[in-house]
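Trainee: pasting the structure only:
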């Protein structure tokens with residue numbers, strides 16, 4: 001009997017759909033006694049929920065059904081309990097890599113995208129994209145991709161030719177502590193560089209002692225979902241491989257980088273740069289030969305001139321205030337100021353308390369319907385990604401609890417939030433999703449600025 005588990009982020013869209021599709025294919029071949037098929041998610045925000053209603057509707061249109069209830073992946077149980085774990089995209093695979101208890105379990109993990117055949121709607125897909133923030137047509141596309149991949153995967157299983165993902169077959173499964181060969185600095189350009197678009201650029205520098213070949217690396221970063229356009233002579237391709245998760249791949253014309261060499265990547269992003277919280281974050285480099293995953297802290301160059309933010313009343317942060325504050329901002333290597341909240345941009349109101357909140361390797365992150373519904377969960381998702389990039393796991397345990405909440409009565413300004421840090425209890429409360437996300441950004445910046453994982457207790461108000 002082969003035990004097969006599909007994995008996506010929330011376990012309410014792609015993975016339960018794959019489970020339903022594969023189950024029917026197995027049943028139709030009279031193999032139901034030979035397979036156990038399940039699905040799970042990397043997060044627990046939807047635990048106990050049925051699949052998304054849009055996914056259920058798409059499944060019904062294709063003759064499928066699902067009564068699956070969302071559950072989070074349990075590393076202690078599921079790595080050992082399943083013969084194959086199928087990740088929907090690279091973000092899911094990275095999550096598995098960071099939670100894998102033993103190198104041997106890497107051979108259990110495969111990528112769904114490795115079993116997609118040919119083009120779909122004129123495009124070649126390497127992953128199954130998350131339809132959650134899309135339209136009904138995106139859910140239809142998900143079904144098409146999963147039917148193709150499941151058919152191919154089942155055939156490979158029966159022929160015993162399953163392809164193990166090279167993404168996870170690396171010397172060390174957890175994210176390596178080896179320094180990244182790339183340094184990444186993001187520079188804001190200007191809003192309105194083209195009607196409805198803003199300009200920005202990455203400056204990537206080879207900080208390794210050896211030449212970095214263009215074919216040897218792929219760079220990834222997180223950012224609020226935006227359409228990206230590149231100049232024709234751009235040395236790289238950039239694509240959104242899943243919601244808020246971007247892949248930067250050198251083109252064949254990209255030159256190799258000698259030690260100290262830089263690569264400038266100019267971009268146009270659809271929309272307006274409202275504030276610094278919309279900047280890229282959470283980067284890493286995958287070394288293509290070894291599959292090694294190396295975290296990269298993305299430095300954000302200070303905003304320098306009007307036009308680099310949307311300056312409206314009550315915007316967060318206030319544009320003129322940021323402009324004036326640039327002259328006083330501490331450089332990265334400046335002496336520590338003994339204030340964990342002396343960060344950029346500085347919150348408008350900070351009342352320091354006594355004592356500290358310790359942030360170890362494990363924390364509890366809470367968000368849910370009683371704390372503000374889907375928006376609270378979205379902000380908490382951003383928080384979990386950023387914590388993981390810093391080696392802080394939100395799988396439970398530890399002495400610190402972080403709650404993310406939405407309280408619409410807090411303020412009419414959607415950017416408004418409060419942040420409370422008090423002896424192991426941290427609460428972020430936003431007037432809306434934007435405020436909660438701003439609170440997450442402030443907390444992460446303070447964590448980066450604190451010393452020894454001890455964050456000073458404080459009450460923060462900002463908008």
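Mentor: Sure thing, it's come through. The model shown is predicted, which means the values in this text are computed figures rather than measured ones.
Trainee: Please report how far residue 115 lies from residue 23.
Mentor: Separation of residue 115 from residue 23 (CB to CB, to the nearest Å): 16 Å. Heads up, the C-betas are built off the backbone N, CA and C, glycines and all.
Trainee: ditto for residue 388
Mentor: Per CB to CB, residue 388 is found 31 Å from residue 23.
Trainee: mind listing the strands for the stretch 201-350 of the chain?
Mentor: Here the stretch 201-350 of the chain has its strands, by DSSP state E, counting those that start in this stretch, at 217-222, 228-229, 236-242, 245-250, 262-270, 281-287, 292-296, 298-300, 349-358.
Trainee: what about the stretch 301-450 of the chain, any weak spots by pLDDT?
Mentor: 306-337, 344, 368-372, 395-397 (pLDDT under 70).
Trainee: for this protein, what's the longest helix?
Mentor: helix 136-159 (DSSP state H).
Trainee: Sheet partners, orientation included, of the following helix or strand past that one?
Mentor: Once the chain leaves helix 136-159, the next helix or strand it forms, by DSSP states H and E, is strand 182-194. With DSSP bridges as the test, strand 182-194 is paired with strand 197-206 (antiparallel), strand 298-300 (parallel).
Trainee: Specify the angle between strand 182-194 and strand 245-250 in degrees.
Mentor: 100 degrees (axes from the mean of the first three to the mean of the last three CA atoms, to 10 degrees).
Trainee: quick one: strand 182-194 to chain centroid distance?
Mentor: On the basis of CA atoms, centre = their mean, to the nearest Å, strand 182-194 sits 20 Å off its chain's mean C-alpha point.
Trainee: isn't residue 128 right up against residue 148?
Mentor: No: assessed by CB atoms under 8 Å, residue 128 is found out of contact with residue 148, at 9.7 Å.
Trainee: Find residues that contact each of those two.
Mentor: residue 116 (CB atoms under 8 Å, 6 or more residues apart in numbering).
Trainee: between the two, who's got more neighbours?
Mentor: The neighbour comparison of residue 128 against residue 148 (other CB atoms under 10 Å) goes to residue 128, with 30 against 18.
Trainee: Which residues does the longest helix of the chain contact?
Mentor: With CB under 8 Å, 6+ apart as the criterion, helix 136-159 contacts 2, 4, 13-14, 17-18, 21-22, 25-26, 29, 54-55, 57-59, 61-62, 64, 84, 86, 110, 112-113, 115-118, 120-121, 125, 128-129, 131, 162-163.
Trainee: coming back round to it: to residue 200, which of the strands of the stretch 201-350 of the chain lies closest?
Mentor: Across the strands of the stretch 201-350 of the chain, residue 200 has its closest neighbour in strand 262-270 (5.5 Å, CB to CB).
Trainee: Tell me how many other residues crowd residue 38.
Mentor: 20.
Trainee: Can you name every helix or strand that the helix or strand containing it contacts?
Mentor: Assessed by DSSP H and E, residue 38 sits inside strand 35-41. Counting contacts by 3 or more CB pairs under 8 Å, 6 or more residues apart in numbering; DSSP states H and E, strand 35-41 packs against strand 2-8, helix 14-28.
Trainee: That one: what's the following helix or strand?
Mentor: Immediately after strand 35-41, counting by DSSP H and E, sits helix 53-61.
Trainee: hmm, back to that, would you mind getting the angle between the longest helix of the chain and helix 53-61?
Mentor: Helix 136-159 and helix 53-61 meet at an angle of 60 degrees, taking the same axes, to 10 degrees as the criterion.
Trainee: Give me the buried positions along helix 136-159.
Mentor: Residues of helix 136-159 classed as buried: 138-143, 145-150, 153-154, 157 (neighbour count, 16 or more other CB atoms under 10 Å).
Trainee: can you check stretch 30-48 too?
Mentor: Neighbour-count burial for stretch 30-48 [16+ other CB under 10 Å]: 35, 36, 37, 38, 39, 40, 41, 42, 43, 44, 45, 46.
Trainee: what distance separates that stretch from the centre of its chain?
Mentor: Worked out by CA atoms, centre = their mean, stretch 30-48 lies 23 Å from the chain centre.
Trainee: For it, give the mean pLDDT please.
Mentor: What stretch 30-48 shows for mean pLDDT is 89.
Trainee: out of the helices and strands packed on strand 35-41, which comes closest to residue 101?
Mentor: The nearest among the helices and strands packed on strand 35-41, by CB to CB, is strand 2-8 at 15.7 Å.
Trainee: okay, the angle between that closest one and strand 236-242?
Mentor: Computed by the same axes, to 10 degrees, the angle between strand 2-8 and strand 236-242 is 110 degrees.
Trainee: Would you check which pair of the buried residues of stretch 30-48 lies furthest apart?
Mentor: 35 and 45 (28.4 Å).
Trainee: picking that back up, of the helices and strands packed on strand 35-41, which approaches residue 403 most closely?
Mentor: strand 2-8 (25.0 Å).
Trainee: contacts for that closest one?
Mentor: With CB under 8 Å, 6+ apart as the criterion, strand 2-8 contacts 14-16, 18-19, 22, 34-42, 73, 78, 81-89, 92, 96, 112, 128, 130, 157.
Trainee: Could I get the buried residue list for that strand?
Mentor: 4, 5, 6, 7, 8.
Trainee: can you redo the residues you listed as CSV with pLDDT and distance to residue 287?
Mentor: Below are the buried residues of strand 2-8 laid out as CSV (pLDDT from 0 to 100; distance: CB to CB, whole Å):
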residue, pLDDT, distance to residue 287
4, 94, 29
5, 96, 28
6, 96, 27
7, 95, 23
8, 93, 26
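Trainee: Would you mind giving these as TSV with distance to residue 431 added?
Mentor: Formatted as TSV, these follow (distance: CB to CB, whole Å):
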residue	distance to residue 431
4	44
5	39
6	37
7	34
8	30
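Trainee: just curious, which of those residues is nearest to residue 432?
Mentor: Closest to residue 432, out of all of the buried residues of strand 2-8 and judged by CB to CB, is residue 8, at 26.5 Å.
Trainee: beta partners for that closest one?
Mentor: Here residue 8, judged by DSSP bridges, has bridge partners residue 41.
Trainee: measure it to residue 221 for me?
Mentor: From residue 8 to residue 221 the distance is 20 Å (CB to CB).
Trainee: what does residue 265 give?
Mentor: 11 Å.
Trainee: and the host helix or strand of residue 96, what other elements does it pack with?
Mentor: Assigned by DSSP H and E, residue 96 belongs to helix 90-99. Here helix 90-99 touches strand 2-8, strand 84-87, strand 109-111, strand 236-242, strand 245-250, going by 3+ CB pairs under 8 Å, 6+ apart.
Trainee: All set now, cheers.
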